[in-house]
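A.B. asks: I would like to see how this sequence folds:
(one chain, ligands or ions: 3)
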Amino acid sequence: MPLRVGEHLVHGAVVDAQTRCAHWHGPRDVLAIRFPCCGRWYPCHSCHEEAADHPGEVWPADAAGERALLCGRCGETSTIAEYLSSSTCARCGGAFNERCRLHHDVYFA
Ligand SMILES: [Zn+2]
Ligand SMILES: [Zn+2]
Ligand SMILES: [Zn+2]
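C.D. replies: Ligands and ions are numbered 1, 2, ... in the order given. The predicted structure follows:
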């Protein structure tokens, strides 16, 4: 069953109500991303890889204004530009896992 966060449904191996998943479930792993290929929210790239029937695509550089990040703490979305410029949620100020940035290239061009 997908997790409902606000008006959004988060798919994949979700393990709690703040979008932590089987792969990433530390205190700051409270971020889901919408994939451009299918428009679905997933907690991480591995969740998409396991659950989707197609390869994951990355957001192109000109998609910076897309609201593609979902905070599991407040249930609000952020744009790609907001996310890339800060390691905290633009809406509630909660911290995100900085290590997500190590995987930048699996999400963003
Ligand atoms: Zn997809
Ligand atoms: Zn995952
Ligand atoms: Zn937030």
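
A.B. asks: which parts of this protein sit against ligand 2?
C.D. replies: For the chain, the residues in contact with ligand 2 under the definition C-beta under 5 Å from the ion are 21, 23, 43, 44, 46, 47. Backbone N, C-alpha and C define where each C-beta goes, glycine included.

A.B. asks: from those residues, which two are the most distant?
C.D. replies: Considering C-beta to C-beta, no two members of the residues of the chain next to ligand 2 lie farther apart than 43 and 46, which are separated by 8.7 Å.

A.B. asks: shared neighbours of the two, anything?
C.D. replies: Jointly contacting residue 43 and residue 46 under the rule C-beta atoms under 8 Å, 6 or more residues apart in numbering are 13, 21, 23.

A.B. asks: let me have the residues you listed in a markdown table, extended by secondary structure, distance to residue 95 and pLDDT.
C.D. replies: Listed next are the shared contacts of residue 43 and residue 46 as a markdown table, based on DSSP: H, G, I helix; E, B strand; the rest coil; distance: C-beta to C-beta, whole Å; pLDDT from 0 to 100:
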| residue | secondary structure | distance to residue 95 | pLDDT |
| --- | --- | --- | --- |
| 13 | coil | 23 | 98 |
| 21 | strand | 18 | 98 |
| 23 | coil | 19 | 97 |
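
A.B. asks: any idea which of these is the one closest to ligand 3?
C.D. replies: When the shared contacts of residue 43 and residue 46 are compared for distance to ligand 3 (C-beta to the ion), residue 21 wins out at 17.2 Å.

A.B. asks: is it fair to say residue 12 lies in a helix?
C.D. replies: No - the secondary structure assignment for residue 12 gives coil rather than a helix, going by DSSP: H, G, I helix; E, B strand; the rest coil.

A.B. asks: would you enumerate the residues in contact with it?
C.D. replies: Taking C-beta under 8 Å, 6+ apart, we find residue 12 in contact with 21, 42, 43, 44, 47, 48, 50, 51.
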